[in-house]
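Visitor: fold the following and give me the result.
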Amino acid sequence: MEQLIQQFINGISLGSIYALIALGYTMVYGIIKLINFAHGDIYMIGAYKGFAFTAFLHVGFFPALIISMLLCALLGVLIEKVAYKPVRNSTRIAALITAISVSLFLEYGMMYFVKAETRIFPELLPNKQIVF
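Guide: Just a heads-up that it's a prediction; the model follows:
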């Protein structure tokens, strides 16, 4: 029974992440009519930042979460100003190619700096078990 509840919680948590990403895609496309392929990559950079803050700088979970969100918001603004705004009034294919290019730049830039290997977040929150 406890495994069923744990899997239910895992499903809700993963589904919430998918819903958050889908909501971001929908909002961006609805407002500026651009499919931002770098949207998921910004989430990835936020996860790496959160990992770096907690594992190397020993920052707590919630401060690392807030700092990562703020830095990713700044990254999004920077990408908008540098990459997307100059092609706003050009053809749709130019905007699409720019979005794919930004995505690849972020992915391979992170792979260059942090290498593509598995990482595990340190245990930040107390490990509590609920028994029914």
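
Visitor: how far out from the middle of the chain is the strand or helix carrying Ser103?
Guide: Ser103 is part of helix 92-114, with elements assigned from DSSP states H and E. Between the mean C-alpha location of helix 92-114 and the chain-wide mean there is a distance of 14 Å, by Cα atoms, centre = their mean, to the nearest Å.

Visitor: likewise stretch 18-31?
Guide: 12 Å.

Visitor: got the contact list for that stretch?
Guide: Counting contacts by Cβ atoms under 8 Å, 6 or more residues apart in numbering, the residues outside stretch 18-31 that touch it are 34-36, 39-40, 43. Just so you know, the C-beta spots here come from the backbone N, C-alpha and C atoms, and that holds for glycine as well.

Visitor: of those - the most surrounded one?
Guide: Within these, neighbour counts (other Cβ atoms under 10 Å) peak at Asn36, which reaches 24 neighbours.

Visitor: just want the most central residue of the chain.
Guide: For the chain, the residue sitting closest to the mean C-alpha position, by Cα atoms, centre = their mean, is Tyr43 at 0.6 Å.
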